[in-house]
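S.K.: Please work out how this folds:
(2 chains)
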Amino acid sequence: AQTIHQWPVAEIKAVGSPLSLGCTIKGKSSPNLYWYWQATGGTLQQLFYSITVGQVESVVQLNLSASRPKDDQFILSTEKLLLSHSGFYLCAWSTDYEQYFGPGTRLTVL
Amino acid sequence: AQSVDQPDAHVTLSEGASLELRCSYSYSAAPYLFWYVQYPGQSLQFLLKYITGDTVVKGTKGFEAEFRKSNSSFNLKKSPAHWSDSAKYFCALENTGYQNFYFGKGTSLTVIP
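M.R.: Got it, this is the predicted structure:
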């Protein structure tokens, strides 16, 4: 069975500080991977997707970047956090058009 | 441009009643449509999808949805509703073949026991 893990579970960071969020998928070879951002109580905004190692496509510009260093790993990062980056970050993988989401990372920027 | 609209921010009904959550979309091509559920404090779970074929699709947890091209809708249904169905439901559309997904604002469902 496939499992998806995100780290950390939660972060409290200062404005202007760097950020790195991670996502690992086990049990699925060469998955399509996605990053989403969800404001508190809001909808999901897709940020990035990746079909293969080393290739990441940006969907929306939010002063964030993503990388896929391994087949089963997806990283979201920024060098300088903004207040507007606060929210819930979700990683997902897909099969047969169905997306399966990780548990998420809750980010608070102060 | 593609978009998804869920016109009802909140829906409240009694346990045992039938539920129908509305979703309409705007997309120039044949849409791929989805419903997801989010329980409080949790991530999203896949419920069902429409890709092609039968316009009524069945999913997990006893839900089904009907795709209506005539009015660009993809409403989620379940009968009877159970208190455990209380959650936030998101309708989504994929920009077919481009790996871009658009989510509606969600409908918060409360089922009163």
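S.K.: When you work out contacts or count neighbours from here on, use the C-alpha atoms and nothing else.
M.R.: Will do.
S.K.: most centrally placed residue in chain A?
M.R.: A:W35 (3.6 Å; Cα atoms, centre = their mean).
S.K.: Tell me the bridge partners for that one.
M.R.: A:F48, A:C91 (DSSP bridges).
S.K.: give the contact list for whichever residue of chain A sits closest to chain B.
M.R.: For chain A, the residue closest to chain B is A:T43, as judged by Cα to the nearest Cα, at 4.7 Å. Neighbour list for A:T43: B:90, B:103-106 [criterion: Cα atoms under 8 Å, 6 or more residues apart in numbering or on different chains].
S.K.: So it versus B:V4, what's the distance?
M.R.: According to Cα to Cα, to the nearest Å, A:T43 and B:V4 sit 11 Å apart.
S.K.: Find the residues that touch each one of those two.
M.R.: B:103-104.
S.K.: and B:F46, which of the three is it?
M.R.: strand (DSSP: H, G, I helix; E, B strand; the rest coil).
S.K.: burial count for the nearest residue to it once chain neighbours are set aside?
M.R.: Nearest residue to B:F46, sequence neighbours excluded (Cα to Cα, 6 or more residues apart in numbering or on different chains): B:Y36, at 4.6 Å. Neighbours of B:Y36 under the rule other Cα atoms under 10 Å in any protein chain shown: 21.
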